[in-house]
Structures are given as structure tokens and as C-alpha cells.
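Asks: no FASTA, just this:
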């Protein structure tokens, strides 16, 4: 049982929460009542989760020596020795076989484009693990691209359009999260754990974090009041979700300003206040779009 628990930690199951972005085009396009669209999006979620797990395991293998020097990461399954490198490669093989199987199903039911997009995601992240994570700003840009790919992957699955304002909202929000993560890593770690940190400074990261936060709220507000969106929900009801989104970001900012490592998933999963607000936001969206 303990071994299985370590395997699940290795493939980062709790990080699948980021892949919920794949459902955004389905929900905001109003196409969630179509059972096929729901089915294919769920398959896409599983496929993307498999691909992200493959990347996480590869990244942990590449970073095993540096992770042993990190205050938190040294407790991960690979650097702690709870899972061997041989076992890690076996897990990659199993995940890849499942990935091929699901890719074939999606290809036969939708098209080749979602598969090409997810292969691009894997390639970019392999380059990130090997090289790009050591290039200042590019390391954050790759994280942002990952969030955007999730959105466009979800839209490709159901052949729908991602609005410009929604794209800008996700992009600026991802930059905010990325800069916030680097900020707290820089404050709590040293260059041995992540060499790119020597190129950043707190003032730069603070300023750009909150520029991106402001832009995220502005873009979300513009999306909420867009005429096409208003037509889909038969009214201007989404404007009432803007304060909720603001509150989510305010709560998140309060947590990372308190000295955590700034990992978005860890912050969200371990903070009941943020979880409650996100759940409340989801319920409000459901009532608006139903």
C-alpha cells in the first residue's frame, strides 16, 4: 500500500487539478449538454493527465540530484529513494502505453489536431526539463504555454472557439502564478535547487506578479461583459462572478505572501478558504449556465 502511495506521488495525481482547464471551453461554450462532447472531454482530461504524469516523472529523473538538496523536494519518491529510477522508467512505459491507447480513441472520434497539440506539450516540457528551465523568463513562459495548451486542447476536442478575452485571462493569470512561484522559490531556496533563480530578484517578481494579477481581473471582467458571452447565458449575470474571482486571487496572494513555496496546486489543495471560494464560484457558474 505504501508503495502504491509513493507511485501516486511520483505521477503527481493531485496536480491533475490543473487539467480541469480542459473543461473550460466545454462549460463556457454551453455545449456541456451534449453527451458526446462531455465524453470526449473526459477522455481528453485523462489523456492530458497521463501526458503530464509522464513529464513529471521525466523531470524528477532529470532533477534527482538537485532535488536531494531541496528542503521540500528531497522528500519526493525518487530523491528520497522510496521509488527507484528503474521503477520510474517502468511507470513511464505503462503511462505511455495508456497514452497511445487513448490517443487512438480520440483521433478516431475527433481529429488528429488534439493529439498534435498534446504531443507539442510533451515536447516543450521535455525541452523544459533538459534546458529551458534554466533560461530566465523562458522558464515561466513555458509554464504559461502549458496552461494555454490545456485551454486550446479542450476547444479542439469539441471543435469550439476560445474567445480572445478568455485566452488573455488564462495567459495573464498563468503569468501571475508563474512569477509568484519563482518569487517564493527565490526567497526560500538557493541556486543549487534551481539555477535560474540567480537571474531573478524580488522587486521584479513582485511588480510583474501584480501587473499580471490586475490584467487577469480586467480581462476576466471584459470576458464577462462581452456581448457573445451575454448572449450565451441570456443576460449579464456573469458580472456578479467578478468579485468572486477577485476574492480567489486575493486569498491566494495572502497565502503566498505568508511564506509558502508558491506552488499553485499546493496552495489551493491545502487552503480551505480558497477551496471553498473556488467551489462557490463553480456552483455560481453552474447556476448561471444551466
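Replies: On my side now, so go ahead. Source: prediction; values computed, not measured. Numbering: from 1, shown residues only.
Asks: Buried residues in stretch 222-234, which are they?
Replies: When burial is assessed from 16 or more other CB atoms under 10 Å, stretch 222-234 yields the following buried residues: 222-224, 226, 229, 233. Where C-beta positions appear, they are placed from N, C-alpha and C, glycine not excepted.
Asks: Equivalent analysis for stretch 59-76, please.
Replies: Judged by neighbour count using 16+ other CB under 10 Å, the buried positions of stretch 59-76 are 59-60, 63-64, 67-68, 70, 73, 76.
Asks: how far away is residue 250 from residue 154?
Replies: In this structure, residue 250 and residue 154 are separated by 27 Å, where distance is defined by CB to CB, to the nearest Å.
Asks: so of the buried residues of stretch 222-234, which ones are in helices?
Replies: Helix and strand membership here follows DSSP state H; of those, those in helices are 222-224, 229, 233.
Asks: Please enumerate the helices of the stretch 51-200 of the chain.
Replies: Read by DSSP state H, counting those that start in this stretch, the stretch 51-200 of the chain holds these helices, from start to end of the chain: 64-67, 85-109, 113-130, 138-158, 164-188.
Asks: Residue 206 is nearest to which of those helices?
Replies: helix 164-188 (6.7 Å; CB to CB).
Asks: Now do the contacts for residue 11.
Replies: Residue 11 sits next to 53, 56-57, 91, 95 when contact means CB atoms under 8 Å, 6 or more residues apart in numbering.
Asks: roughly how far apart are it and residue 204?
Replies: Applying CB to CB, the value for residue 11 to residue 204 is 34 Å.
Asks: go on, residue 257?
Replies: In this view, residue 257 and residue 204 are 16 Å apart by CB to CB.
Asks: Residue 276 - how many residues pack around it?
Replies: Other residues near residue 276 come to 11 when the count uses other CB atoms under 10 Å.
Asks: Read off the pLDDT value for it.
Replies: Looking at residue 276, its pLDDT stands at 94.
Asks: How about residue 77: what's its closest non-neighbour residue?
Replies: Using CB to CB, 6 or more residues apart in numbering and skipping the chain neighbours, the partner closest in space to residue 77 is residue 83 (3.9 Å).
Asks: Let me know whether residue 177 touches residue 263 as I believe.
Replies: No - under the contact definition of CB atoms under 8 Å, residue 177 does not touch residue 263, with a separation of 9.2 Å.
Asks: In terms of packing, which of those two has more residues around it?
Replies: residue 177 (27 against 18).
Asks: Need the nearest residue in space to that one, chain neighbours excluded.
Replies: Nearest-residue entry for residue 177: residue 264, 4.8 Å, with adjacent residues in sequence omitted and distances by CB to CB, 6+ apart.
Asks: I'd say residue 200 and residue 181 touch.
Replies: No - with contact defined as CB under 8 Å, residue 200 and residue 181 do not form a contacting pair (11.0 Å).
Asks: Looking at the two, which one has more neighbours?
Replies: Neighbours per residue, other CB under 10 Å: of residue 200 and residue 181, the larger number sits with residue 181, 23 against 19.
Asks: That one contacts residue 263, correct?
Replies: Yes - when contacts are counted by CB under 8 Å, residue 181 is listed as touching residue 263 (6.1 Å).
Asks: about what we covered before: including pLDDT, could the buried residues of stretch 59-76 go into CSV?
Replies: As requested, the buried residues of stretch 59-76 are exported to CSV (pLDDT from 0 to 100):
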residue, pLDDT
59, 87
60, 89
63, 81
64, 85
67, 78
68, 80
70, 72
73, 78
76, 86
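Asks: And the furthest pair within the residues you listed?
Replies: With distance counted by CB to CB, no two of the buried residues of stretch 59-76 lie farther apart than 59 and 68, which are 14.5 Å apart.
Asks: Averaged pLDDT, the helix or strand harbouring residue 243. What do you get?
Replies: Assignment of secondary structure by DSSP states H and E places residue 243 within helix 242-256. Confidence over helix 242-256 (mean pLDDT, whole number) is 92.
Asks: Follow the chain on from that helix and name the next helix or strand.
Replies: On the C-terminal side of helix 242-256, the nearest following helix or strand under DSSP H and E is helix 264-269.
Asks: Flag every buried residue along that next one.
Replies: Taking 16+ other CB under 10 Å as the basis for neighbour counts, the residues of helix 264-269 that come out buried are 264, 266-268.
Asks: what does stretch 99-110 give?
Replies: By neighbour count, with 16+ other CB under 10 Å as the criterion, the buried positions of stretch 99-110 are 99, 102-103, 106, 110.
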